[in-house]
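Peer 1: Starting from these lines, generate the structure:
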Amino acid sequence: MQFKKVPTIVGGIVIIVAIVAVIYNVRGGAKADGKPVAASASSGKPGDPLAADAVDLNDAQVKSIEINQAAEHVFSQQRTAVGSIDFNQNLSVQVFSPYQGKIIKAYAEVGEQVAKGATLFTIDSPDLVQAESTMIAAAGVADLTSAALARAKELFATQGLAQKDLQQATSDQQTADAALKAARDAVRVFGKSDTEIDMMIAKRKIDSALVVHSPINGRITARMAQPGLLVQPGTAPAPYSVADLSTMWMVANVAESDSPMFHVGQEVKVKLMAFPDRDFSGKITVIGASVDPNTHTVMIRSEISDLKHELRPGMFATYVIHTGDPIASLAVPLDGVAREGDGTMSIWVTSDRRHFTRRTVKIGLQQDGFDQISSGLRTGELVVTKGAVFLSNMLNATPES
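Peer 2: Below is the predicted model:
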């Protein structure tokens, strides 16, 4: 009975050996044709917590990836935010008529560059008519009293006039001159020049057109002025708006948690959709005094020079605000980092450019096409810098059994 069991035991051993051989070929053995074989592996150190899988590549597959030594890359300490361009409201002026009246003519168009003192529009002002009428009347009285004083002096010289009458004529003339001066000043307030005033007095003719000038050098950003429109001092909308576009505002909202990192004077780099290949530079000029209770963000405003007048209010902008000195850290190009299905980030390292081990890493900043590797990689290690996703896909495609 015992001799009959021997073949059965031997046969069982043969079957077990065959199964082990199959498992070895599928899970860990090398194939003669050079195709990749997946195997359970570690990172090379006993007890290393960064356990990972590995793949072997043949010559053709190695040529499809790039391998380099791990090196440091300089990362800027910065924060990004999204915002928009706006006029520099400190240099933007709404031009109102100083007095009530109807617009006679509007001269400037939207987008036109105007100099300080340029005529924007004229109005027919009843207040100006009244002031000019008073001035012309005062000029007439002044002429009359001047002539009366001259006659009084002649008569007094020939003792044909009492001294008190001469004194009265002198007083009348001085009063008339003072009234004329006050009337001229009243007309001058409306923007009339001394030449224009002298002309009106000489011709005894009223000029009812009140000229409204641009108070600054700038560009017309809005126009509501139309002939016949009744305007009131300070009543919106203003007939014209003029803005100095040599500088523009860049307004963004940053997260409340990031707000302590910002301060007035920090440099800002701005990218615009209209100019994707250019950076505009500015500095933070204002930080909001309160936090928006709905979005929990803080307003940050910066000012940028725009001498070429390329920026337009409402342009979408992406801000990069530097918050500290640059730091040097190990980094891998973006193509050298793969996101796995469980959300972890991994790289592929090798020592012989044939056998590649997947290693889970932690990444930090992402700038200039590089991922900062905060843990999981050492300086000088050979790492795949292009093709990490290719290797991960190969490993995931390899059958487990």
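Peer 1: burial count for Asp56?
Peer 2: Taking other C-beta atoms under 10 Å as the criterion, the count of residues near Asp56 is 20. C-betas here are computed from N, CA, C, even on glycine.
Peer 1: what's across from it in the sheet?
Peer 2: Beta-bridge partners of Asp56, counted by DSSP bridges, are His355.
Peer 1: Now name the helix or strand holding the residue nearest the centre of the chain.
Peer 2: The centre of the chain sits closest to Met250, judged by C-alpha atoms, centre = their mean, with a distance of 3.3 Å. When elements are defined using DSSP states H and E, Met250 is found to belong to strand 247-255.
Peer 1: Also Ile373?
Peer 2: Assigning secondary structure by DSSP H and E places Ile373 in strand 370-375.
Peer 1: What strands line up against that strand, and which way round?
Peer 2: The strands beside strand 370-375 in its sheet (DSSP bridges) come out as strand 327-333 (antiparallel), strand 355-367 (antiparallel).
Peer 1: Contacts for the last one next, please.
Peer 2: This means strand 355-367. By C-beta atoms under 8 Å, 6 or more residues apart in numbering, the surrounding residues in contact with strand 355-367 are 41, 43-44, 50, 52-57, 75-76, 78, 329, 334, 337, 340, 344-350, 371-377, 384, 391-392, 395.
Peer 1: if we go to 6 Å?
Peer 2: 43, 50, 52-56, 75, 344-350, 371-377, 391 (C-beta atoms under 6 Å, 6 or more residues apart in numbering).
Peer 1: one step back: on contacts alone, who are the packing partners of the strand holding Met250?
Peer 2: Using 3 or more C-beta pairs under 6 Å, 6 or more residues apart in numbering; DSSP states H and E as the contact criterion, the neighbours of strand 247-255 among helices and strands are strand 78-87, strand 297-305.
Peer 1: Any chance you could list what contacts the shortest one?
Peer 2: Residues from elsewhere that reach strand 297-305 (C-beta under 6 Å, 6+ apart): 247-254, 259, 268, 280, 282-288, 291.
Peer 1: how does it look with 7 Å?
Peer 2: Among residues not part of strand 297-305, those counted as contacts by C-beta atoms under 7 Å, 6 or more residues apart in numbering are 88, 246-256, 259, 262, 268, 270, 280-288, 291.
Peer 1: Skip ahead from it and say which helix or strand is next.
Peer 2: Once strand 297-305 ends, the next helix or strand along the chain (criterion: DSSP H and E) is strand 316-322.
Peer 1: ditto for the longest one
Peer 2: Heading C-terminal from strand 78-87, the first helix or strand you meet, by DSSP H and E, is strand 92-95.
Peer 1: And the average pLDDT for that following strand is what?
Peer 2: Averaged over strand 92-95, pLDDT sits at 93.
Peer 1: Mind checking the pLDDT average for the very next helix or strand once past that strand?
Peer 2: Scanning forward in sequence from strand 92-95 by DSSP H and E, the next helix or strand is strand 101-106. Mean pLDDT, strand 101-106: 93.
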